[in-house]
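Engineer: pasting the structure only:
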């Protein structure tokens, strides 16, 4: 395994809707291992394939490792369905947009359906931070970043701040 370079905004790969993963082979397994190593080294809690230059529908996450035991999760060709009407606004940062953060409002509980590393379809209910993390990574697969959740004035201000620290 190796640590991969993280793509920085405004790289156009971060704006692209990713392609489905069709093969569950050694190359995908190697990419997943490299992504986990890169995520933990960064240190982050989630990493989507386009953040390492691979425009495929794949992300890895571990919502708990900074507070306790690791709980790594691989999500290939994921789908997210919001559950309930409760929304949460939380400060989010991004490994591809270092040095800035912003408040993003998202559903507090979701159903995450995905294919695992063995090609089996799975589903789970996530809430709180784990739900936020999965939705953040899913945004990357759809060509969205935290800037895209802001109104025009706030976005311009945060982009200016980012360029100053980048």
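Structural biologist: Received it, and whenever you're ready, just let me know what you need. Computed from a predicted structure; not experimentally measured.
Engineer: Can you tell me which helices and strands the longest helix along the chain packs against?
Structural biologist: Secondary structure of the chain per DSSP state H: the longest helix is helix 26-41. Counting contacts by 3 or more Cβ pairs under 8 Å, 6 or more residues apart in numbering; DSSP states H and E, helix 26-41 is packed against strand 46-48, strand 58-61. For every residue, glycine as well, the C-beta is placed using N, CA and C.
Engineer: CSV for those, including mean neighbour count, mean pLDDT and distance to residue 91?
Structural biologist: CSV is the format used below for the helices and strands packed on helix 26-41 (neighbours: other Cβ atoms under 10 Å; pLDDT from 0 to 100; distance: least, Cβ to Cβ, whole Å):
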stretch, mean neighbour count, mean pLDDT, distance to residue 91
strand 46-48, 28, 98, 15
strand 58-61, 27, 98, 17
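Engineer: how about these in a markdown table, adding distance to residue 114?
Structural biologist: Formatted as a markdown table, the helices and strands packed on helix 26-41 follow (distance: least, Cβ to Cβ, whole Å):
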| stretch | distance to residue 114 |
| --- | --- |
| strand 46-48 | 13 |
| strand 58-61 | 9 |
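Engineer: Looking at the ones you listed, spot the one closest to residue 149.
Structural biologist: Between residue 149 and the helices and strands packed on helix 26-41, the tightest spacing by Cβ to Cβ is seen for strand 46-48, at 15.7 Å.
Engineer: Need the contact partners of the host helix or strand of residue 135.
Structural biologist: Assignment of secondary structure by DSSP states H and E places residue 135 within helix 129-141. Contact with helix 129-141 is made by 14, 17-18, 45-51, 57-59, 61, 63-64, 75, 78, 80, 88, 90, 92, 94, 96, 104, 106-110, 112, 126, 145-146, 148, as judged by Cβ atoms under 8 Å, 6 or more residues apart in numbering.
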